[in-house]
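Asks: next comes the sequence, and after it the predicted model I'd like to discuss.
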Amino acid sequence: MTREHTARVLVVESDAEVQADLRLQLAAMGHVVDTAADSTEALDMVERSMPDVVLVELDLEGIDGYEFLRQARALLPSACLIAIGESGSTDTAVKAMRHGADRCLTRPIRPDALALVVERSLDKPILARDAMDARAEAADNLPTTRLDHIVGAHPTMQRLFNRMLQAAQSRSTVLIQGETGTGKELIAKAIHEHSLRSDGPLVRLNCAALAESVLESELFGHEKGAFTGAMTRRSGRFEQAEGGTLFLDELSEMPLSVQVKLLRFLQEREFERVGGNETLRVNVRVVAATNRDLRTLVDDGTFREDLYFRLKVVVLDVPPIRARPSDIPLLADHFLRLYAEENGKRVHGFTPRARQALLEYPWPGNVRELQHAIEQAVVLCDKDLISTEDLAIGPPDREVEPLSLLVPGVTLAEVERYTIMRTLEAVNGSPTKAAKILGVSKRTIQYRLHEWGISKRGLPKDDE
């Protein structure tokens, strides 16, 4: 039977000979095959490559195969997980399936059995992929460089788009993390518009913009006479968002007293209006955003730990623009077209020096700062091309030395070290996040740091 799709298969096997044999057999079937020898490396690859099928040895070093299955299932709800055991024990198969496996194979693995099991396993991820493709096609056939006005061709943005669409189809609470100006509100809007709640309302609330007493009333509503000035009953944002999505921006600024009520809603889906006794239930999905490290706020005692864990169901990390510099020209061209049309200007590009200045500037305000800079440049430009004089940006930070200033004249090893260290700085010293951005394994980052004699203490911060 010929498949329309080539599957991406991950083989998690500690025996090098068996691993190589499985790779050859699967490649001969026409599949793209990745391999890992231990659970830590395998989980990194699961997050990075999102395989359709995973074959996993149950007797792994580190976490065992059963725990790996459980974690992999949480990361890959649509993939097919195949457990590899030493014997045909029914108890082993049952335990594996309870931990997330779809099918089981026993050693020694016969080529015909492998081909049959993998072939049958493809129905699940391919159907899920086809459904995702249909939804993407329905969404105006969007090009790969943008999704709902979110521009990005960098691998980190492509992975974010993919995770965002997956999150949209779930019912889970979503936490969006990222620096100021990275576009968290646009991502929240895209999640709503690609969800099954898209026909319902998207209600927004900035938690930092209101005083504690006002915030509680805005969220949950109040009864007549609940406080001075409460002349009538008023519905809060939760009631207004019935059947849709409530987006809570700058969640880190929410007072502890209001956090308690939010936690109760997330756990029990019920609340009372301020000054009221009637318990209300609404069908609302919560999407929250923060530009601060909630884990640090938990340690400081300003954010509830139970709420933190309740919010971390699906986490989307939005990279700063300095971590995806290849997207700067795309974003600049996008905003140029937008504001040239809006202002009736015939500006159609940038001078070479202006493009270089855009790449060299560190953009501490991220996409928002870039957007405002391009808007002002379009308005002030009286020529066909925007020049450096039109761009209202300062000189590059001396500590953020652009890669373009280092070449020619350096070795590839120096470029590699520069790239890894700058990426680690951009993600607060996290090897896991740096590995995702650079498209390598976490082990590669750790090996290079060890090779260079850099310890964890030498990094700006390690949140591992």
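Replies: It's in.
Asks: all contacts plus neighbour counts: C-alpha atoms, from now on.
Replies: OK.
Asks: what about the strands in the stretch 151-300 of the chain?
Replies: 174-177, 202-206, 245-249, 270-272, 279-281, 285-290 (DSSP state E, counting those that start in this stretch).
Asks: mean pLDDT, mean neighbour count and distance to His194 for these - can I get that in a markdown table?
Replies: A markdown table is the format used below for these (pLDDT from 0 to 100; neighbours: other C-alpha atoms under 10 Å; distance: least, C-alpha to C-alpha, whole Å):
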| stretch | mean pLDDT | mean neighbour count | distance to His194 |
| --- | --- | --- | --- |
| strand 174-177 | 94 | 23 | 14 |
| strand 202-206 | 93 | 18 | 12 |
| strand 245-249 | 95 | 25 | 12 |
| strand 270-272 | 88 | 18 | 25 |
| strand 279-281 | 88 | 13 | 24 |
| strand 285-290 | 94 | 24 | 13 |
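Asks: Gly439 is nearest to which of those strands?
Replies: Checking those against Gly439 by C-alpha to C-alpha gives strand 174-177 as the closest, at 20.2 Å.
Asks: so which residues of the stretch 351-464 of the chain form strands?
Replies: 385-386.
Asks: could you list the low-confidence segments of it?
Replies: Along the stretch 351-464 of the chain, segments meeting pLDDT under 70 span 394-414, 453, 455-464.
Asks: can you show me the helices along it?
Replies: 352-360, 366-380, 412-426, 431-438, 442-451 (DSSP state H, counting those that start in this stretch).
Asks: Serialize these to JSON lines and add fields for distance to Glu218 and mean neighbour count.
Replies: As requested, the helices of the stretch 351-464 of the chain are exported to JSON lines (distance: least, C-alpha to C-alpha, whole Å; neighbours: other C-alpha atoms under 10 Å):
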{"stretch": "helix 352-360", "distance to Glu218": "41", "mean neighbour count": "17"}
{"stretch": "helix 366-380", "distance to Glu218": "27", "mean neighbour count": "19"}
{"stretch": "helix 412-426", "distance to Glu218": "36", "mean neighbour count": "16"}
{"stretch": "helix 431-438", "distance to Glu218": "36", "mean neighbour count": "21"}
{"stretch": "helix 442-451", "distance to Glu218": "43", "mean neighbour count": "15"}
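Asks: of all those, which lies closest to Ser49?
Replies: Per C-alpha to C-alpha, nearest to Ser49 of these: helix 431-438, 9.8 Å.
Asks: same for the closest one, what does it pack against?
Replies: Counting contacts by 3 or more C-alpha pairs under 8 Å, 6 or more residues apart in numbering; DSSP states H and E, helix 431-438 is packed against helix 155-168, helix 412-426, helix 442-451.
Asks: for Thr180, report the pLDDT, please.
Replies: Listed pLDDT for Thr180 reads 89.
Asks: picking that back up, please identify which of the helices of the stretch 351-464 of the chain is closest to Pro201.
Replies: helix 366-380 (25.3 Å).
Asks: okay, angle between that closest one and helix 352-360 too, please.
Replies: On the basis of axes from the mean of the first three to the mean of the last three C-alpha atoms, to 10 degrees, helix 366-380 is oriented at 160 degrees to helix 352-360.
Asks: start at 6 instead
Replies: Right, with 6 as the first residue, what we last looked at is helix 371-385.
Asks: who are the packing partners of helix 371-385?
Replies: helix 333-348.
Asks: show me which positions of the helix it packs on end up buried.
Replies: 333, 335-337, 340-342, 344-345 (16 or more other C-alpha atoms under 10 Å).
Asks: can you check stretch 16-30 too?
Replies: Result for stretch 16-30 [16+ other C-alpha under 10 Å]: buried residues 16-19, 24, 27-28, 30.
Asks: same question for stretch 54-68.
Replies: 55-65.
Asks: again with stretch 109-129
Replies: Buried, per 16+ other C-alpha under 10 Å, within stretch 109-129: 109-111, 123, 126-127.
Asks: what's the most distant pair in the residues you listed?
Replies: Thr111 and Leu127 (19.2 Å).
Asks: can I assume Ser19 is in contact with Thr40?
Replies: No - counting by C-alpha atoms under 8 Å, Ser19 does not reach Thr40; the two are 9.6 Å apart.
Asks: hmm, back to that, restricted to strands, list the buried residues of stretch 109-129.
Replies: The strands, defined by DSSP state E, take in 109-111 from those.
Asks: how about the residues you listed in CSV, adding pLDDT and distance to Gly183?
Replies: Formatted as CSV, those follow (pLDDT from 0 to 100; distance: C-alpha to C-alpha, whole Å):
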residue, pLDDT, distance to Gly183
Cys109, 82, 40
Leu110, 83, 42
Thr111, 81, 45
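Asks: mind putting the buried residues of stretch 16-30 into JSON lines with secondary structure and pLDDT?
Replies: Shown next, in JSON lines, are the buried residues of stretch 16-30 (DSSP: H, G, I helix; E, B strand; the rest coil; pLDDT from 0 to 100):
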{"residue": "Val16", "secondary structure": "strand", "pLDDT": "92"}
{"residue": "Val17", "secondary structure": "strand", "pLDDT": "91"}
{"residue": "Glu18", "secondary structure": "coil", "pLDDT": "89"}
{"residue": "Ser19", "secondary structure": "coil", "pLDDT": "86"}
{"residue": "Gln24", "secondary structure": "helix", "pLDDT": "88"}
{"residue": "Leu27", "secondary structure": "helix", "pLDDT": "90"}
{"residue": "Arg28", "secondary structure": "helix", "pLDDT": "89"}
{"residue": "Gln30", "secondary structure": "helix", "pLDDT": "89"}
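Asks: got the contact list for Leu207?
Replies: 194, 197, 246, 249-252 (C-alpha atoms under 8 Å, 6 or more residues apart in numbering).
Asks: and with 7 Å instead?
Replies: For Leu207, the contacting residues are 197, 246, 249-251, by C-alpha atoms under 7 Å, 6 or more residues apart in numbering.
Asks: okay, and the beta partners of it?
Replies: Counting by DSSP bridges, Leu207 is bridged to Thr250.
Asks: so where is the stretch 106-255 of the chain shaky, pLDDT-wise?
Replies: Low-confidence segments of the stretch 106-255 of the chain (pLDDT under 70): 128-151, 153, 230-231, 233.
Asks: helices along that one, start to end?
Replies: Using DSSP H, counting those that start in this stretch, helices in the stretch 106-255 of the chain cover 116-126, 128-143, 160-173, 189-198, 217-225, 242-245.
Asks: nearest to Thr307, of those helices?
Replies: Using C-alpha to C-alpha, the helices of the stretch 106-255 of the chain put helix 217-225 closest to Thr307, at 13.9 Å.
Asks: show residues contacting the closest one.
Replies: 212, 241-243, 260, 263, 277-279.
Asks: report the inter-axis angle for it versus strand 207-211.
Replies: Using the same axes, to 10 degrees: helix 217-225 against strand 207-211 is 170 degrees.
Asks: circling back to that earlier point, quick check: the farthest pair among the buried residues of stretch 16-30?
Replies: Ser19 and Gln30 (17.0 Å).
Asks: tell me how far Thr301 lies from Tyr452.
Replies: 28 Å (C-alpha to C-alpha, to the nearest Å).
Asks: thank you kindly, that will do.
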